[in-house]
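S.K.: Can you look at this prediction? I've put the sequence above it.
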Amino acid sequence: MEELWSSGEAPVRAVMEALNKRTRKKRAYTTYMTIMARLHKKGMLVRRREGKTDFYVPSNGRDEYMALRARAEVEGLVAQYGDVALSNFAHQMAELDPARRRALQRLARKA
């Protein structure tokens, strides 16, 4: 995702080359193709085909994506742990600096 947010629309090969430059363990083209196809199927990437080449672009900006992921994670924790998760969130909020807590409460009202 980071690579696509940085580069914009890109084919699988460009993403593979950019990411393989940053790691010692190179991954195959088919690995990247499978991952990007799955991200497209989940609605996280938009795919455009040009000839035999698929181009991908993120369906959400970085901030929107992070908000969606955070919401899904919190919902998952609450679904799995219920009141225990909520009481831990409340405890974490109580430990915050009052100014930060107010800022987060304002942010939550907007969501």
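M.R.: Thanks, I have the structure now. Numbers count the residues shown, from 1 in each chain.
S.K.: Local confidence estimate at Ala108?
M.R.: Note for Ala108: predicted pLDDT of 86.
S.K.: average model confidence for the longest helix along the chain?
M.R.: Counting residues, the longest helix in the chain under DSSP state H turns out to be helix 62-81. On average, the pLDDT along helix 62-81 is 94.
S.K.: What residues of it count as buried?
M.R.: Along helix 62-81, no position meets the burial threshold by neighbour count (16 or more other C-beta atoms under 10 Å). C-beta: built from backbone N, CA, C; applies to glycine.
S.K.: Show me what that helix is packed against.
M.R.: Here helix 62-81 touches helix 83-95, going by 3 or more C-beta pairs under 8 Å, 6 or more residues apart in numbering; DSSP states H and E.
S.K.: quick one: buried residues of the helix it packs on?
M.R.: Ala85.
S.K.: Give me the distance from it to the chain's centre.
M.R.: 24 Å (C-alpha atoms, centre = their mean, to the nearest Å).
S.K.: What is that helix packed up against?
M.R.: Using 3+ C-beta pairs under 8 Å, 6+ apart: helix 83-95 touches helix 62-81.
S.K.: where does this protein have low pLDDT?
M.R.: Counting by pLDDT under 70, the chain shows no low-confidence range.
S.K.: Since that was my last question, I'll sign off now.
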